[in-house]
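Engineer: below is the structure, and that's it, no one-letter string:
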């Protein structure tokens with residue numbers, strides 16, 4: 001089970017256990033009617049808000065404003081539950097809230113913890129003497145800080161692990177294209193050498209044997225003609241080999257994209273690729289691969305999505321790229337360096353990139369790379 005799941009289980013356990021003293025007081029009739037009403041509202045409110053925060057679902061619950069409201073509801077519910085319990089035991093729920101503040105800026109999180117601690121101090125003064133109240137508030141303030149730092153370190157570690165995984169998979173896919181490019185360059189070099197050296201000498205030999213066949217007669221002429229025929233056959237074989245070598249400069253783009261997607265964590269990538277997806281020009285293969293890399297990077301960093309669908313289709317006109325995620329989306333698309341670089345690569349090769357999105361509707365990228373540049 002992941003660390004995030006462990007923290008979720010710990011938070012739910014803390015919430016449930018914090019209710020035991022209050023339930024005991026309710027069962028024995030020791031809680032006032034007003035306190036019972038406050039607790040009956042605050043306890044389920046905290047559980048619902050915390051559960052909504054822990055649901056890893058795209059859409060409304062991933063919006064920053066909504067998550068801020070859920071955190072505020074938890075804080076209010078935690079303080080309210082604490083005010084109904086003379087043992088201050090439900091204050092543990094405020095530690096659970098602090099463990100979720102890693103999504104906020106550091107200064108905002110620090111102020112949030114201070115406010116919760118002050119609220120706890122006020123509630124504690126209602127049932128405890130000042131010294132004990134300050135001790136309780138200070139202790140829980142330290143617990144909150146510890147929970148926040150732990151959650152922040154966990155988040156940073158997860159983001160660093162994802163960044164390292166992306167870099168590793170990008171390196172593998174780029175290395176695959178470079179290896180394919182090196183093999184193609186070597187095939188071209190061999191084909192040129194065969195054509196310029198062996199082909200040239202065989203042509204010269206064929207001409208000499210043709211002349212020799214005209215100057216000889218008898219059995220010698222017959223052998224010369226056979227040698228001439230073998231030379232022409234060998235020259236034809238060399239030309240066929242050269243043609244095959246020159247025609248084999250294809251890049252396995254599909255394999256590179258599959259390797260890129262295999263190493264990504266945090267989201268599930270679903271690929272729809274032809275069984276064989278090859279492209280002849282290395283610069284076009286690199287542009288399409290970089291486009292897919294940028295789509296995956298943007299999705300993992302910004303989309304808060306669970307799934308990413310990527311489809312590539314090869315036709316006589318070129319390659320079509322379609323990608324969409326189920327993340328939070330945005331009503332305003334502001335191209336950063338990644339999207340701008342994607343467009344520039346495709347534009348330089350006669351292609352195009354279009355992006356569409358909407359609040360709560362994910363992000364879509366449509367691209368087309370022509371087989372050849374047409375001005």
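Structural biologist: Great, that's in hand. Quick caveat: nothing in here was measured; it's all calculated off a predicted structure. Residues are numbered from 1 along each chain as shown.
Engineer: give me the helices and strands touching the lowest-mean-pLDDT helix or strand in the chain, please.
Structural biologist: Ranking every helix and strand in the chain by mean pLDDT, DSSP states H and E puts helix 218-246 at the bottom, with a mean of 71. Contacts defined by 3 or more CB pairs under 8 Å, 6 or more residues apart in numbering; DSSP states H and E place helix 218-246 against helix 130-193, helix 199-215. Heads up, the C-betas are built off the backbone N, CA and C, glycines and all.
Engineer: where does pLDDT dip in the stretch 101-250 of the chain?
Structural biologist: 166, 169-170, 172-174, 176-177, 180-181, 184, 187, 223, 228, 242-250 (pLDDT under 70).
Engineer: to residue 291, which of the helices and strands packed on helix 218-246 lies closest?
Structural biologist: Of all these, it is helix 130-193 that lies closest to residue 291, at 12.1 Å by CB to CB.
Engineer: tell me the gap between that closest one and the middle of its chain.
Structural biologist: 11 Å (CA atoms, centre = their mean, to the nearest Å).
Engineer: what's the answer for stretch 17-28, then?
Structural biologist: 45 Å.
Engineer: wait, which of the helices and strands packed on helix 218-246 is closest to residue 119?
Structural biologist: Nearest of the helices and strands packed on helix 218-246 (CB to CB): helix 130-193, 8.9 Å.
Engineer: what's residue 330 sitting at in phi/psi?
Structural biologist: With angles defined as degrees, to the nearest 10, residue 330 sits at phi -160, psi 150.
Engineer: distance of it from residue 63?
Structural biologist: Residue 330 is 10 Å from residue 63, where distance means CB to CB, to the nearest Å.
Engineer: overlap in contacts, these two.
Structural biologist: Common neighbours of residue 330 and residue 63, using CB atoms under 8 Å, 6 or more residues apart in numbering, are residue 359.
Engineer: re the thing from before, next SSE downstream of the least confident helix or strand of the chain?
Structural biologist: strand 251-252 (DSSP states H and E).
Engineer: listing partners with orientation, what would you give for that following strand?
Structural biologist: If you go by DSSP bridges, strand 251-252 pairs up with strand 278-279 (antiparallel).
Engineer: next SSE after the strand it pairs with?
Structural biologist: Under the assignment DSSP H and E, the closest C-terminal helix or strand after strand 278-279 is helix 282-298.
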